[in-house]
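Student: predicted model, plus sequence, below.
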Amino acid sequence: MSSNIAFHKKQLYKMYINGQWIGDECETFINVMNPATNEVIGMIPNGGTPEAKAAVDAAHLAFKTWSKKTADERSQLLMKWFHLIDEHKVEIGTVMTMEQGKPVNEAIGEVNYANSFLSWYAEEGKRIYGETIPATHPNKRILIRKEPVGVVAAITPWNFPAAMITRKVAPALAAGCTVVVKPAQQTPLTALKLAELAEKAGIPAGVFNVVTGKSKEIGDAWLKDSRVRKLTFTGSTEVGKVLMRGAAETVKKISLELGGNAPFIVMDDADLEKAAKGLLASKFRNAGQTCICTNRIYVQERILEPFVELFKEELSKLKIGNGMEEGIDIGPLIDQPAVNKVNEILDDAIHKGGKIVFQGDKYEGEEGFFFPPTILTNVNDQMMCVEEEIFGPLAAIATFKTEEEVIERANNTVYGLAAYVFTENLSRAFRISEELEYGIIGLNDGLPSTAQAPFGGYKESGLGREGGHHGLEEFLEVKYISIGLNI
Ligand SMILES: NC(=O)c1ccc[n+]([C@@H]2O[C@H](COP(=O)([O-])OP(=O)(O)OC[C@H]3O[C@@H](n4cnc5c(N)ncnc54)[C@H](O)[C@@H]3O)[C@@H](O)[C@H]2O)c1
Ligand SMILES: O=C[C@H](O)CS(=O)(=O)O
């Protein structure tokens, strides 16, 4: 697919604050790279404290009117934004592929997924119900209201440049909050396309702001600003902990969607073809760079050989290359350090007895950051591929004997985001699902993510949920009104 978007190496994009496109005044600029070719595709303003403060000024002012709109008025504006994103999904997908690397059809799929949060919360926002509670005192009445928390600061990662923004912004705006967003430095252009369409949809100035530039400086400015009442972060657990400590200074509400280390468990009574296809989807989506990608694969001993053969057959159908080309299934990793990390993890596994039983072609086409899809067997729990988040197309297969053993090994991690179980035995499915310490369980399903369901983790994979009605609660305060009467 040829891009119908002209990327000019020296094209300077602007950030979006208070309904204005600004940035020329910044002293420095950041290059945006294409990870498939290592070429510069544009530049963004390297903003910092002044721009971070200006965005909160705008959001704080806009909150006064946006929060007073009816839920239906906000819903209509969210749907105007939804329809514009839908009309421009190929353009946005192309921008995403150019800056993040995922194949363009997968990028367009992410735009649709991102958009589903807008349509879901455009409706959900109309159902922010309060309640009355029977008072024990005859002359009192108890009224409970749910109210928007206020100005929200959102900091998002590079691996899902559209969905990780709308999964926060859609419920926040539906609840009546206003938002300042800092996208990842690697993938700001998708965020700016969303802002362009929000402006076109008529979302008022200051309601949705996108600030680009110095991550720590912008984040610190928002953490210190008491007008920011909620921080919602998606990214690594390491950074999440830093932000959690900073949010304490002004007691901000906080949501954290952090790292993962997903086990993929194949029981000996599984439908092996279904499990192989489910593993392919879960492991190699976004070249393995998703927080809920399978990280460790546990196969019950008796069916190891037939399962690995099926998996190899499925993986051999995937094609690696530049995501802008037709028929590509696996694009590049985000940068060279990411490739180096996966190589380090692979070398560690081989050093500790791991065996490569399949490796795809090493794409030599361009100067990009490619890692060939690889299957390792003879994996043990002392390897880096079991202990750390791989974030690449490396499938690490270990075996186990019993249900009790695999549950203990699967839970033996500080993470608790997603886990996958393939079995055709219903009682076993529920027994294992209920014992796994994870916020998301894919039961015979390698792709559980959807706007209707709460997405989030146990333990060091995060706090709070995104998606479903749970995701709306994250942007609401509960107000209790006690009413004294003369009855
Ligand atoms: N749980 C989820 O839903 C989810 C989704 C996507 C990615 N992730 C996780 O994110 C990680 C990969 O994404 P990443 O490399 O962008 O993560 P990252 O933590 O390095 O960066 C995430 C965001 O935080 C910003 N940031 C970094 N340091 C900061 C600081 N000191 N102050 C303020 N902002 C700061 C970055 O600029 C970026 O915008 C993986 O661990 C992955 O598992 C989790
Ligand atoms: O990387 C983490 C994202 O949340 C992945 S998903 O698209 O929501 O599954």
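Tutor: Arrived safely. Ligands and ions are numbered 1, 2, ... in the order given.
Student: any idea how far the most centrally placed residue in the chain is from ligand 2?
Tutor: Residue closest to the average C-alpha location in the chain (CA atoms, centre = their mean): residue 164, at 4.3 Å. Distance, residue 164 to ligand 2, by CB to the nearest ligand atom, to the nearest Å: 6 Å. Just so you know, the C-beta spots here come from the backbone N, C-alpha and C atoms, and that holds for glycine as well.
Student: tell me which element that residue is part of?
Tutor: Residue 164 is part of helix 163-175, with elements assigned from DSSP states H and E.
Student: got it, and residue 82?
Tutor: Counting by DSSP H and E, residue 82 is found in helix 71-87.
Student: could you do residue 193 as well?
Tutor: helix 188-201.
Student: and the next helix or strand after that helix, what other elements does it pack with?
Tutor: In the C-terminal direction, the helix or strand that comes right after helix 188-201 (DSSP H and E) is strand 208-210. Contacts defined by 3 or more CB pairs under 8 Å, 6 or more residues apart in numbering; DSSP states H and E place strand 208-210 against strand 15-17, helix 49-66, strand 178-182, helix 188-201.
Student: in a markdown table, list these along with distance to ligand 2.
Tutor: As requested, the helices and strands packed on strand 208-210 are arranged in a markdown table below (distance: least, CB to the nearest ligand atom, whole Å):
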| stretch | distance to ligand 2 |
| --- | --- |
| strand 15-17 | 24 |
| helix 49-66 | 24 |
| strand 178-182 | 16 |
| helix 188-201 | 14 |
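Student: what would the ones you listed look like in TSV with mean neighbour count and mean pLDDT?
Tutor: Shown next, in TSV, are those (neighbours: other CB atoms under 10 Å; pLDDT from 0 to 100):
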stretch	mean neighbour count	mean pLDDT
strand 15-17	26	98
helix 49-66	20	98
strand 178-182	28	99
helix 188-201	23	98
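Student: so which of those is nearest residue 487?
Tutor: helix 49-66 (36.2 Å; CB to CB).
Student: ok, now which ones touch the residue nearest to the centre of the chain?
Tutor: 156, 157, 234, 257 (CB atoms under 8 Å, 6 or more residues apart in numbering).
Student: ok, residue 429 next?
Tutor: 421, 423, 443, 444.
Student: which among these end up buried?
Tutor: 421, 423 (16 or more other CB atoms under 10 Å).
Student: so how far is residue 171 from the closest residue to residue 229 other than its chain neighbours?
Tutor: Sequence neighbours aside, residue 150 is the residue nearest to residue 229 in space, at 3.8 Å (criterion: CB to CB, 6 or more residues apart in numbering). In this view, residue 150 and residue 171 are 14 Å apart by CB to CB, to the nearest Å.
Student: who has more neighbours, the two?
Tutor: residue 171 (30 against 21; other CB atoms under 10 Å).
Student: how about the contacts made by that one?
Tutor: Contacts of residue 171 (CB under 8 Å, 6+ apart): 117, 121, 124, 125, 466, 471, 472, 474, 475.
Student: mind doing that once more with 10 Å?
Tutor: Going by CB atoms under 10 Å, 6 or more residues apart in numbering, residue 171 touches 117-118, 120-121, 124-125, 152, 177, 232, 451, 466-476.
Student: filter these down to the buried ones, ChimeraX style.
Tutor: In ChimeraX, this line selects whichever of these come out buried by 16+ other CB under 10 Å:
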select :117,118,120,121,124,125,152,177,232,451,466,467,468,471,472,473,474,475,476
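Student: cross the contacts of residue 171 against strands and list the overlap.
Tutor: Of the positions in the contacts of residue 171, 152, 232, 476 sit in strands, assigned by DSSP state E.
Student: once you drop chain neighbours, what's closest to the second one?
Tutor: Residue nearest to residue 232 in three dimensions, not counting chain neighbours: residue 255, with 4.3 Å by CB to CB, 6+ apart.
Student: contact residues of the stretch 51-200 of the chain facing ligand 1?
Tutor: 155, 156, 157, 158, 159, 160, 164, 182, 184, 185 (CB under 6 Å from any ligand atom).
Student: try 8 Å this time
Tutor: 155-160, 164, 167, 182-186 (CB under 8 Å from any ligand atom).
Student: thinking again about what came up before, possible to save the ones in strands among the contacts of residue 171 as JSON lines with pLDDT and distance to ligand 2?
Tutor: Formatted as JSON lines, the ones in strands among the contacts of residue 171 follow (pLDDT from 0 to 100; distance: CB to the nearest ligand atom, whole Å):
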{"residue": "152", "pLDDT": "99", "distance to ligand 2": "18"}
{"residue": "232", "pLDDT": "99", "distance to ligand 2": "13"}
{"residue": "476", "pLDDT": "98", "distance to ligand 2": "22"}
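Student: now the strands for the stretch 251-400 of the chain?
Tutor: Per DSSP state E, counting those that start in this stretch, the stretch 251-400 of the chain carries strands over the ranges 253-257, 262-266, 294-300, 355-359, 374-377, 394-400.
Student: so what are the sheet partners of the shortest one and their directions?
Tutor: Partners of strand 374-377 in the sheet, by DSSP bridges, are strand 355-359 (antiparallel), strand 394-400 (parallel).
Student: just to revisit the earlier point, next step: the contacts of residue 164 restricted to helices.
Tutor: If you go by DSSP state H, the contacts of residue 164 have nothing in helices.
Student: show me the shaky parts of the stretch 1-150 of the chain.
Tutor: Low-confidence segments of the stretch 1-150 of the chain (pLDDT under 70): 1-9.
Student: cutoff 90 now
Tutor: Applying pLDDT under 90 to the stretch 1-150 of the chain picks out residues 1-11, 24-25, 27.
Student: before we move on, the earlier item: pick out the most distant pair among the residues of the stretch 51-200 of the chain next to ligand 1.
Tutor: 167 and 185 (19.7 Å).
Student: neighbour count for those two, which is higher?
Tutor: Taking neighbours as other CB under 10 Å, residue 167 and residue 185 compare with residue 167 leading, 28 against 16.
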